[in-house]
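A.B. asks: Structure for this input, please:
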Amino acid sequence: MKLFGLGMPELIIILLVILVIFGPKNLPKLGSALGKAVKGVREGVDSVNTELDAAKESVDSVSKDKDKKGKNAKESEPPITATAVVEDVPVAEETVIIEEEAFSDGGFCSQCGAPLESDAKFCKKCGAANS
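C.D. replies: Next comes the predicted model:
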């Protein structure tokens, strides 16, 4: 009889070494800990299998629902795509570029609407006199 590729003489030698290392008083504790570890591993594997089965069933139910609709229903449904709708936005003929230094208490030019500096006598953009 072979267990994990080891024969009976090898297993007896391993058990004797364990007995010498841990002693006869600690062997029941060691066995109990080993049993709890094996039980925990089995419960973990069972929970993973349960979750996998549930996921498999949900996938199967979705595919069955699609099959119930039939081929005609699938063909009539439009494919799901992501599209962006861009509306036509009117663009002004003249775009006013506002510079940071132009922001001050000088107001705006009466001719072109550009912001004026507080001490400016003329507009930087169109050259009109500041009133």
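A.B. asks: Which elements pack onto the least confident helix or strand in the chain by mean pLDDT?
C.D. replies: Least confident helix or strand of the chain, by mean pLDDT, DSSP states H and E, is helix 27-76 with a mean of 82. In terms of contacts (3 or more Cβ pairs under 8 Å, 6 or more residues apart in numbering; DSSP states H and E), helix 27-76 is packed against helix 8-22. Placement of C-beta: from N, CA and C, glycine included.
A.B. asks: Next, the angle from the helix it packs on to helix 27-76.
C.D. replies: Interaxial angle of helix 8-22 relative to helix 27-76 (axes from the mean of the first three to the mean of the last three Cα atoms, to 10 degrees): 110 degrees.
A.B. asks: Please name every helix or strand in contact with helix 8-22.
C.D. replies: Partner elements for helix 8-22 (3+ Cβ pairs under 8 Å, 6+ apart): helix 27-76.
A.B. asks: Show me how this protein divides into domains.
C.D. replies: According to automatic domain parsing, the chain comprises the domains 8-71, 96-131.
A.B. asks: On the three-state scheme, Cys112 is what?
C.D. replies: Under DSSP: H, G, I helix; E, B strand; the rest coil, Cys112 falls in the coil class.
A.B. asks: Do I have it right that it meets Ala128?
C.D. replies: Yes. Taking Cβ atoms under 8 Å as the definition, Cys112 is a contact partner of Ala128 at 7.2 Å.
A.B. asks: Could you dump the domains of the chain into JSON lines and include distance to Lys2 and mean neighbour count?
C.D. replies: Compiled in JSON lines, those are given as follows (distance: least, Cβ to Cβ, whole Å; neighbours: other Cβ atoms under 10 Å):
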{"stretch": "domain 8-71", "distance to Lys2": "8", "mean neighbour count": "10"}
{"stretch": "domain 96-131", "distance to Lys2": "85", "mean neighbour count": "13"}
